[in-house]
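Peer 1: all I have is the shape, not the residue letters:
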């Protein structure tokens, strides 16, 4: 294809001077035309199919569907994404496929040459990595009504995924990631980019809570590779049963970090939709603990980290939306809920928040 060259993927390790996560968030996603993607998939994988765009913040994602209805996801990485990070994500999926094959995660499709990925040179001269994954059927949970049974399924499902990832290691697992809730203090510089007023004051107060009560204790917590983005957009369920999980997607924010950050990040997305903002998260966390209990120290700070996730979402999305207004709708999709959650939690003492999060309510007591 004119302007597009490729070479087989090569396993590698992180190295000094690699682009940071901030660079990935500051670099526009690739934008190949559907016919270019179609030709690339045919050449690398021998698969002829129609191409349809899928949503993505940093990467270009496309659905590829063949004449017999078989579907795949073709991922074109952000040019600033280091190749070892892609290798890390691929290795994690292959680890899960070996150790816990029942997990509903995508499978890696190899090229005609047997490689797990390939590197292409884009028309503008930038080099980037491409890969193909199996397509998981189902609908995003965000498109279904919230129920207790669904929260239970999500909580247990995340715990089982974390168990499947226990013991998995990779040289790139400790990479920098702004979406790492356990490193929220690195976003302090973004506080001053907020308009001076109630929102900036609110964000500053929760940043102070994180640095005082959470940050000093993180080093003593158990850590492992975590999904780090387990929310209503990235979990799929059966169309006829919104409590039956059929897919867990988007491993792009995965990293090695404190396990409790995984639980808190996921719980944060269950605050909306109830008069009591703790009802949904409490049911989710209770179900998670039924499979993989949190330690006493993890229980003490999980609520702090839940609100910190909302802080991280607000700060990063505000910054990204200003930088890329053409993708504002996608970037800001979680922003209103994040600010609403911060406002709801502003006047609740941290220990009271902890107790409410760890006490399931309304049908959740028996979870």
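Peer 2: Cool, got the structure. A quick note: this is a predicted structure, and the numbers were derived from the prediction, not measured.

Peer 1: name the helices or strands packed onto the helix or strand harbouring residue 151?
Peer 2: Element membership for residue 151 (DSSP states H and E) is helix 148-165. Other helices and strands packing on helix 148-165, by 3 or more Cβ pairs under 8 Å, 6 or more residues apart in numbering; DSSP states H and E, are helix 83-99, strand 223-226, strand 235-238, strand 241-248, helix 259-268, helix 279-291. C-beta: built from backbone N, CA, C; applies to glycine.

Peer 1: compare these and give me the one nearest residue 200.
Peer 2: Counting by Cβ to Cβ, residue 200 lies closest to helix 259-268 out of those; the figure is 20.6 Å.

Peer 1: show residues contacting that closest one.
Peer 2: Identification of contacts with helix 259-268 by Cβ atoms under 8 Å, 6 or more residues apart in numbering yields 154-155, 158, 162, 180-182, 221-224, 226-231, 281, 284-285, 288, 294, 298, 301-310, 313, 341, 357.

Peer 1: switch the cut-off to 7 Å
Peer 2: 158, 162, 181-182, 221-224, 226-228, 230-231, 281, 284-285, 288, 294, 298, 301-302, 305-306, 309-310, 341 (Cβ atoms under 7 Å, 6 or more residues apart in numbering).

Peer 1: Serialize the helices and strands packed on helix 148-165 to a markdown table and add fields for distance to residue 106 and mean pLDDT.
Peer 2: Listed next are the helices and strands packed on helix 148-165 as a markdown table, based on distance: least, Cβ to Cβ, whole Å; pLDDT from 0 to 100:
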| stretch | distance to residue 106 | mean pLDDT |
| --- | --- | --- |
| helix 83-99 | 6 | 97 |
| strand 223-226 | 16 | 98 |
| strand 235-238 | 11 | 98 |
| strand 241-248 | 8 | 98 |
| helix 259-268 | 19 | 98 |
| helix 279-291 | 22 | 97 |
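
Peer 1: pick the most buried one from these.
Peer 2: Mean neighbour count (mean count of other Cβ atoms under 10 Å) peaks for helix 259-268 among the helices and strands packed on helix 148-165, with a mean of 27.

Peer 1: residues in contact with the helix holding residue 151?
Peer 2: Contacts of helix 148-165 (Cβ under 7 Å, 6+ apart): 92, 96, 99-100, 103, 141, 224-227, 230, 235, 242-245, 248, 259, 262, 266, 270, 280, 283-288, 290-292, 363-364, 367.

Peer 1: could you do stretch 72-82 as well?
Peer 2: Stretch 72-82 has contacts (Cβ under 7 Å, 6+ apart) with 14, 18-19, 23-24, 27, 29-30, 32, 37, 41, 47, 54, 58-64, 86, 106, 109, 126-135.

Peer 1: for stretch 243-257, which outside residues touch it?
Peer 2: 58-59, 89, 92-93, 104-106, 136-138, 147, 149-150, 153, 157, 161, 173-175, 177, 179-180, 182, 223-229, 234-238.

Peer 1: what about the stretch 1-150 of the chain, any weak spots by pLDDT?
Peer 2: 1-26 (pLDDT under 70).

Peer 1: quick one: the helices in it?
Peer 2: With DSSP state H, counting those that start in this stretch applied, the stretch 1-150 of the chain shows helices at 21-26, 34-45, 83-99, 148-165, listed in chain order.

Peer 1: off-centre distance for the second one?
Peer 2: For helix 34-45, the distance from its own C-alpha centre to the chain's C-alpha centre is 27 Å (Cα atoms, centre = their mean, to the nearest Å).

Peer 1: hmm, back to that, turn the helices of the stretch 1-150 of the chain into JSON lines, including distance to residue 187.
Peer 2: Shown next, in JSON lines, are the helices of the stretch 1-150 of the chain (distance: least, Cβ to Cβ, whole Å):
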{"stretch": "helix 21-26", "distance to residue 187": "10"}
{"stretch": "helix 34-45", "distance to residue 187": "34"}
{"stretch": "helix 83-99", "distance to residue 187": "20"}
{"stretch": "helix 148-165", "distance to residue 187": "24"}
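
Peer 1: picking up where we left off before, list only those of the contacts of stretch 72-82 flagged as buried.
Peer 2: By neighbour count, with 16 or more other Cβ atoms under 10 Å, the contacts of stretch 72-82 hold 14, 18-19, 24, 29-30, 32, 37, 41, 47, 58-62, 64, 86, 106, 109, 128-133, 135 as buried.

Peer 1: is it correct that residue 293 falls within a strand?
Peer 2: No: when DSSP: H, G, I helix; E, B strand; the rest coil is applied, residue 293 is found to be coil, with no strand at that position.

Peer 1: how much space between it and residue 155?
Peer 2: Distance of residue 293 to residue 155, computed by Cβ to Cβ, to the nearest Å: 12 Å.

Peer 1: tell me which of those two has more neighbours.
Peer 2: Legend: neighbour count by other Cβ atoms under 10 Å for residue 293 and residue 155, higher for residue 155 (27 against 11).

Peer 1: excluding its backbone neighbours, what's nearest that one?
Peer 2: Nearest residue to residue 155, sequence neighbours excluded (Cβ to Cβ, 6 or more residues apart in numbering): residue 287, at 2.9 Å.
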